[in-house]
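In: what follows is a predicted structure for the sequence shown.
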Amino acid sequence: MKHFYIIYLLTLMLFIGCDEKKVEPKKMNIPAGEIPAQESWGSTIILSDSGATKAILTTAHLRQFTLTGETLLDDSVHVDFFDRSQHKSTTLTSKRGKIDHQNRNLYAYQNVVAKNDSGVVLLSEELVWNNVRQQITTDKFVTIITRAEKMQGYGFESDQFLRNYTIHKITYITNGSASTK
């Protein structure tokens, strides 16, 4: 009789546990263009031309979107540019970035710092590296610090090595021993 009660209780618990309600997972309404086609962490991209390395880009998080034709770079972007002799000549860092798939231009955003091997430092909140012209440009506020001077202004254009540059609307210049801190 004791076994009968145990079997009865187990059967009763089994039927109580079964329910006709089907639980559907929560659906997210995300447009297809907002879902990355590829995503990776700790990525390195090597840009080369005719076997010569032009730049090496590393980023903590990369999301590639096919429909919008762009790759978003998040959580630290680091780019090393190389000269014709394959020596690292310029380093560009930023918090975020974007690569346009059509023209392969790089857009750097937030805390952008570019520094060349001669000690020239460029500070801005936004820069564009033009792949075809091999130039760095922005229409935003910039600070250039060299061993001899510090300049600030709006609008900037330079070769990717920060050797020949122009600030379009200069707002501040100081001569003498400028600090790179």
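Out: Sure, I can see it.
In: you'd agree Asn116 is up against Ser158?
Out: No. Taking contacts as Cβ atoms under 8 Å, Asn116 lies outside contact range of Ser158: 9.5 Å. C-beta coordinates here come from the backbone N, C-alpha and C atoms, glycine included.
In: okay, and for this protein, where does confidence drop off?
Out: Along the chain, segments meeting pLDDT under 70 span 1-5, 8-33, 176-181.
In: recalculate using a threshold of 50.
Out: Counting by pLDDT under 50, the chain has low-confidence residues at 180-181.
In: can you map out the strands along it?
Out: Per DSSP state E, the chain carries strands over the ranges 38-49, 52-65, 70-82, 88-94, 96-100, 106-116, 121-130, 135-145, 149-159, 165-175.
In: if we look at the first one, which residues are touching it?
Out: Same thing as strand 38-49. 53-64, 104, 131 (Cβ atoms under 8 Å, 6 or more residues apart in numbering).
In: now Arg133: phi and psi?
Out: phi -80, psi -10 (degrees, to the nearest 10).
In: Arg163 now?
Out: Dihedral angles (degrees, to the nearest 10) for Arg163: phi -100, psi -40.
In: what about it, distance to Ser50?
Out: Per Cβ to Cβ, to the nearest Å, Arg163 is found 23 Å from Ser50.
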